[in-house]
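S.K.: structure for this input, please:
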Amino acid sequence: MDVDTVVEAAPERRRWLSILAKAPSQEVIEAWEGLAERPSYSALRAPEIGMVLVRGRMGGTGDAFNLGEMTVTRAAVRLESGETGIGYVAGRNRRHAEIAAAVDAMMQSVALRGSVEGAVVARLASTQQQRRDTNARKAAATKVDFFTMVRTRSPG
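M.R.: Residues are numbered from 1 along each chain as shown. Prediction:
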């Protein structure tokens, strides 16, 4: 890929990397194993576990502060056809990070993108949306509407 193609693909790539990172490990592994064709790849960076600093903001707009640290696992792979992929996932699941990197590389390949997009990325995105919808319905069921009656006093 040339630089212009990479820059244009950045928002879309962020989307699928986010989907892969947020999906439960078991779902990612099952989707990967369900692929009819899995290309071979070599590890550029074997899956490794580390820590990252998580920052927060009061009210979402206030000054940033250090919230704490969390464990992440990262990996980088290169397909035989030359595409390179990365994977960062929360937690300590090395296989999840490796598969995320492989799927990222496959999504960058014109020949492989069609098969992996529907079978892995769209499948995981759909499951995540269903989870969000279910949680939203549960939250809406507990909503309480408050109202205030205005009392007026007569002068006197």
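
S.K.: could I get the phi/psi values of F146?
M.R.: Backbone torsions of F146, given as degrees, to the nearest 10, read phi -100, psi 140.

S.K.: strands of the protein, residue ranges please.
M.R.: In the chain, the strands defined using DSSP state E lie at 41-57, 64-79, 84-90.

S.K.: quick one, what contacts the residue lying closest to A36 once chain neighbours are set aside?
M.R.: Nearest residue to A36 in three dimensions, chain neighbours excluded: S115, at 7.0 Å (Cβ to Cβ, 6 or more residues apart in numbering). Every residue, glycine included, has its C-beta placed from N, CA and C. With contacts defined as Cβ atoms under 8 Å, 6 or more residues apart in numbering, S115 is in contact with 35-37, 106.

S.K.: cool, A64 as well?
M.R.: A64 makes contact with 55-57, according to Cβ under 8 Å, 6+ apart.

S.K.: does A75 touch V103 like I think?
M.R.: No. In this structure, A75 is not within contact of V103 by Cβ atoms under 8 Å, at 11.2 Å.

S.K.: among these two, which residue is more densely surrounded?
M.R.: Per other Cβ atoms under 10 Å, whichever of A75 and V103 has more neighbours is V103, with 29 against 25.
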